[in-house]
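In: Everything below, folded, please.
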Amino acid sequence: MGWVLVCTATVTLIANLPLLYLCGHANGWRGVAALWGYSPHQFLYCLLAFPLSAFGAFTSLHILLSRLGPRPELDSDGRWLIENWLAVLLLGLGLSSFVAVADYFGSARSLDKLQPIYAGTAIHALNDLNERVDAVKKADRDDIREKLIHDGRTGKATLSPPTSADPATTSAWLTQLPSETAIQVVFDPNWQRRLRILNEPLYALSLFQVVVSIFVGFCALFSAAFCIHVIRAIPELQKTADLHAAVTSVSYGIFFFGLYPICYQQYRAEIEAFAGSGFTTLQQYFVAGLVLIVLSVLLVLSFPTNAVSGALIARVLPILVIGLGLDAERRGPQVLRRLIGIETNAGTQVILAILFMLIGIFMAFQIWPRRA
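Out: From the prediction side, this is the model:
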């Protein structure tokens with residue numbers, strides 16, 4: 001299990017390098033506090049949920065390789081996967097890099113990736129737009145948002161970039177734009193690169209963050225696929241403690257990975273209200289659908305014999321949590337604003353941190369391999 005802890009610590013460090021860089025070099029603690037609610041997928045998820053996802057995925061992988069792999073009952077397909085697990089994971093790393101490249105060209109960077117002066121301008125514009133929308137009747141707010149998006153896009157289409165690439169000149173040019181137009185510019189990936197408003201070192205770190213996050217998800221899916229294969233094809237191993245431990249570990253890993261779509265959708269909903277659709281890819285729906293499908297398949301195939309057992313509750317609860325979280329996000333960003341969004345506060349985040357720590361302790365106690 002030593003390498004599980006090392007790998008978990010390594011990917012957690014890489015995933016949180018952008019946060020460390022922001023706190024220590026770019027924005028400082030106060031700047032990060034201002035950005036926190038706008039980017040829960042970058043801060044809250046990477047700091048609290050991602051380490052638990054990585055630990056669950058790597059623990060399951062460890063159990064598969066060290067306990068299930070050597071068993072003589074494995075069929076030829078399972079043995080091939082075990083013998084060539086390193087090649088499979090390298091394939092996953094390559095796939096993760098490819099997705100990061102696609103995300104590089106297809107998505108605008110979130111506020112935390114901007115240089116501090118431009119992030120401040122964007123936050124000011126978002127606050128102004130929210131105040132203007134909140135000032136009208138609720139029945140008219142959707143119409144106002146649509147008008148602001150239309151006006152912003154129309155204004156952006158007539159713009160010419162400033163003649164100087166100097167940050168002070170660019171900031172002054174961006175500040176004098178109407179808020180609805182400024183938001184369209186800030187969240188356009190082409191304009192982000194054209195105006196050079198991104199913090200380049202932070203941008204580079206964020207790409208490594210994307211790669212390791214997807215790679216952990218791939219490891220979890222690989223372990224889940226292997227467990228599903230064993231359950232379906234090798235009846236002799238279905239009731240073994242090793243398979244149960246592997247399924248439990250990977251279920252935890254996939255559940256915590258499934259919290260990413262909720263955090264990402266909260267970010268997207270806040271920005272989409274004024275930037276419109278199209279400024280990012282829709283990876284949250286793909287990830288959420290995949291997570292719910294895999295968890296459901298694992299639940300059905302490894303259904304506890306005792307219908308009211310704690311194991312059944314532990315398998316069903318993650319599906320309910322992710323489903324309810326996505327439904328809350330579908331209703332708009334207001335539902336979870338106080339929990340993970342722009343209206344959250346330090347006390348709420350401390351409570352969430354304590355909750356995740358307690359869940360992590362319980363998870364580690366439950367899935368840590370015992371000596372036979």
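
In: ok, residue 349 - contacts?
Out: Shown in contact with residue 349 (Cβ atoms under 8 Å, 6 or more residues apart in numbering): 36, 44. Glycine gets a C-beta too; all of them are placed from N, C-alpha and C.

In: If you could redo that for residue 41, that was the one I meant.
Out: Going by Cβ under 8 Å, 6+ apart, residue 41 touches 110, 260, 263, 264, 266, 267.

In: Am I right that it falls within a strand?
Out: No: using DSSP: H, G, I helix; E, B strand; the rest coil, the assignment for residue 41 is coil, not a strand.

In: what's the distance between it and residue 66?
Out: Separation of residue 41 from residue 66 (Cβ to Cβ, to the nearest Å) stands at 33 Å.

In: and after the host helix or strand of residue 316, which helix or strand comes next?
Out: Using DSSP states H and E, residue 316 sits in helix 310-330. Beyond helix 310-330 in the direction of the C-terminus, DSSP H and E gives the next helix or strand as helix 337-340.

In: Go through the helix or strand following that next one and flag the buried ones.
Out: Per DSSP H and E, the first helix or strand lying C-terminal to helix 337-340 is helix 346-367. The neighbour-count check on helix 346-367 (16 or more other Cβ atoms under 10 Å) flags 349, 352, 356, 359, 360, 363, 367 as buried.

In: export helix 346-367 as PDB, just CAs?
Out: What follows is helix 346-367, C-alpha atoms only, in PDB (Å, rounded to 0.1, in the frame of the first residue of the first chain):
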ATOM      1  CA  ALA A 346     -15.300  30.400   5.300                       C
ATOM      2  CA  GLY A 347     -17.500  28.800   8.000                       C
ATOM      3  CA  THR A 348     -19.300  26.700   5.400                       C
ATOM      4  CA  GLN A 349     -16.100  25.700   3.700                       C
ATOM      5  CA  VAL A 350     -14.600  24.600   7.100                       C
ATOM      6  CA  ILE A 351     -17.600  22.500   7.800                       C
ATOM      7  CA  LEU A 352     -17.300  20.800   4.300                       C
ATOM      8  CA  ALA A 353     -13.600  20.200   5.000                       C
ATOM      9  CA  ILE A 354     -14.300  18.500   8.300                       C
ATOM     10  CA  LEU A 355     -17.100  16.500   6.700                       C
ATOM     11  CA  PHE A 356     -14.700  15.300   3.900                       C
ATOM     12  CA  MET A 357     -12.100  14.500   6.500                       C
ATOM     13  CA  LEU A 358     -14.500  12.300   8.500                       C
ATOM     14  CA  ILE A 359     -15.700  10.600   5.300                       C
ATOM     15  CA  GLY A 360     -12.100  10.000   4.300                       C
ATOM     16  CA  ILE A 361     -11.200   8.400   7.700                       C
ATOM     17  CA  PHE A 362     -14.200   6.100   7.400                       C
ATOM     18  CA  MET A 363     -13.400   5.300   3.800                       C
ATOM     19  CA  ALA A 364      -9.700   4.500   4.700                       C
ATOM     20  CA  PHE A 365     -10.800   2.300   7.600                       C
ATOM     21  CA  GLN A 366     -13.200   0.400   5.400                       C
ATOM     22  CA  ILE A 367     -11.100  -0.200   2.300                       C
END
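
In: chain center to it: distance?
Out: 18 Å (Cα atoms, centre = their mean, to the nearest Å).

In: Give the rounded mean pLDDT of that helix.
Out: Mean per-residue pLDDT for helix 346-367: 90.

In: State the three-state secondary structure for the residue located most distally from the centre of the chain.
Out: For the chain, the largest distance from the centre (Cα atoms, centre = their mean) belongs to residue 72, which lies 38.3 Å off. Under the three-state scheme (three-state DSSP), residue 72 adopts coil.

In: Look up how far residue 351 lies from it.
Out: For residue 72, the distance to residue 351 (Cβ to Cβ) stands at 49 Å.
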